[in-house]
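Participant: can you look at this prediction? I've put the sequence above it.
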Amino acid sequence: IEALMASQKSLLANASHELRSPLTRIRMGMELMSGDQPSPASRAEILRNVNELDQLVDEILLASRLDSHEVDVGTAESVDLIGLCAEECARVDAELQLQDLAELEVPGVAKLLRRAVRNLLENARRYSHGEITLELARVDGHHAEIRVNDRGPGVPADQRERIFEKFYRLPGASERSGGVGLGLALVRSIAERHGGSVRCEGREGGGARFVLCLPLA
């Protein structure tokens, strides 16, 4: 209970800080318009900040629900990872690679697993300077692995655990380029809810590999 309360307190403290930034930008934009007809650029900027707020609130609520194991987050079912990953790869123009697989299913909450895969792919798209690939594999006969590979700047070895902490950003990452630091934390929470894990590795030739490991049925 103490750990949960501490986690919730930290989440709320960080959330209140993160919510102020887009709200401040929206307020400044409204003040600059001063009753004049807003320009297309001003409207686009305000809309971007509203969308950022909407996404942030959604992520905060999901993070809070995942922290509390008593909260129902959806019905577990057999999830087709090949179909799910193919759809998410198409969204961000990533290449799907199957390791001699005809089918691959895991038990889980489909919307949460989709969210985890989407967050990993969007994170790769944000930082990658080249192609993005998603590999699906069955390992040791008991687990499925989803490996998202990018050709970005990579993650320093001493930061590969910290990037999964809530609201943690790599040094030098701005709010606009690096999000608010909840995407990867959600991936870890979703993995743990399914009895799995996620890790970050370096790649030969540069870039990062994120490996989401999930138990098979």
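Facilitator: Structure received.
Participant: wait, Asn123 sits on Ala185?
Facilitator: No: look at Asn123 against Ala185 with C-beta atoms under 8 Å: they stay out of range, at 11.4 Å. Glycine gets a C-beta too; all of them are placed from N, C-alpha and C.
Participant: pull up the overlap in contacts between the two.
Facilitator: With contacts defined as C-beta atoms under 8 Å, 6 or more residues apart in numbering, no residue is shared by Asn123 and Ala185.
Participant: can you give me the strands for this structure?
Facilitator: Along the chain, counting by DSSP state E, strands occupy 77-80, 95-98, 105-108, 133-139, 143-149, 197-202, 208-215.
Participant: dump those to TSV, plus mean pLDDT and distance to Arg43.
Facilitator: Shown next, in TSV, are the strands of the chain (pLDDT from 0 to 100; distance: least, C-beta to C-beta, whole Å):
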stretch	mean pLDDT	distance to Arg43
strand 77-80	96	39
strand 95-98	95	36
strand 105-108	96	40
strand 133-139	95	35
strand 143-149	97	34
strand 197-202	96	38
strand 208-215	97	36
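Participant: make TSV from those and add distance to Lys166 and mean neighbour count to it.
Facilitator: TSV is the format used below for the strands of the chain (distance: least, C-beta to C-beta, whole Å; neighbours: other C-beta atoms under 10 Å):
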stretch	distance to Lys166	mean neighbour count
strand 77-80	25	14
strand 95-98	29	14
strand 105-108	22	20
strand 133-139	25	17
strand 143-149	20	21
strand 197-202	14	16
strand 208-215	17	21
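Participant: just send these back as TSV, with distance to Leu23 too.
Facilitator: Formatted as TSV, the strands of the chain follow (distance: least, C-beta to C-beta, whole Å):
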stretch	distance to Leu23
strand 77-80	37
strand 95-98	38
strand 105-108	35
strand 133-139	35
strand 143-149	32
strand 197-202	31
strand 208-215	31
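Participant: nearest to Ser68, of those?
Facilitator: Nearest of the strands of the chain to Ser68, taken as C-beta to C-beta: strand 105-108 at 18.3 Å.
Participant: what about stretch 54-66, average pLDDT?
Facilitator: Computed over stretch 54-66, the mean pLDDT rounds to 77.
Participant: cool, stretch 112-124 as well?
Facilitator: Stretch 112-124 shows a mean pLDDT of 95.
Participant: how about the helices in this protein?
Facilitator: With DSSP state H, the ranges of helices along the chain come out as 2-33, 40-67, 81-92, 110-127, 175-178, 183-193.
Participant: can you lay out the ones you listed as a markdown table showing mean neighbour count and distance to Leu134?
Facilitator: Shown next, in a markdown table, are these (neighbours: other C-beta atoms under 10 Å; distance: least, C-beta to C-beta, whole Å):
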| stretch | mean neighbour count | distance to Leu134 |
| --- | --- | --- |
| helix 2-33 | 13 | 28 |
| helix 40-67 | 15 | 22 |
| helix 81-92 | 17 | 5 |
| helix 110-127 | 20 | 7 |
| helix 175-178 | 12 | 21 |
| helix 183-193 | 21 | 14 |
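Participant: can you lay out those helices as JSON lines showing distance to Arg147?
Facilitator: Listed next are the helices of the chain as JSON lines, based on distance: least, C-beta to C-beta, whole Å:
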{"stretch": "helix 2-33", "distance to Arg147": "29"}
{"stretch": "helix 40-67", "distance to Arg147": "23"}
{"stretch": "helix 81-92", "distance to Arg147": "10"}
{"stretch": "helix 110-127", "distance to Arg147": "9"}
{"stretch": "helix 175-178", "distance to Arg147": "22"}
{"stretch": "helix 183-193", "distance to Arg147": "13"}
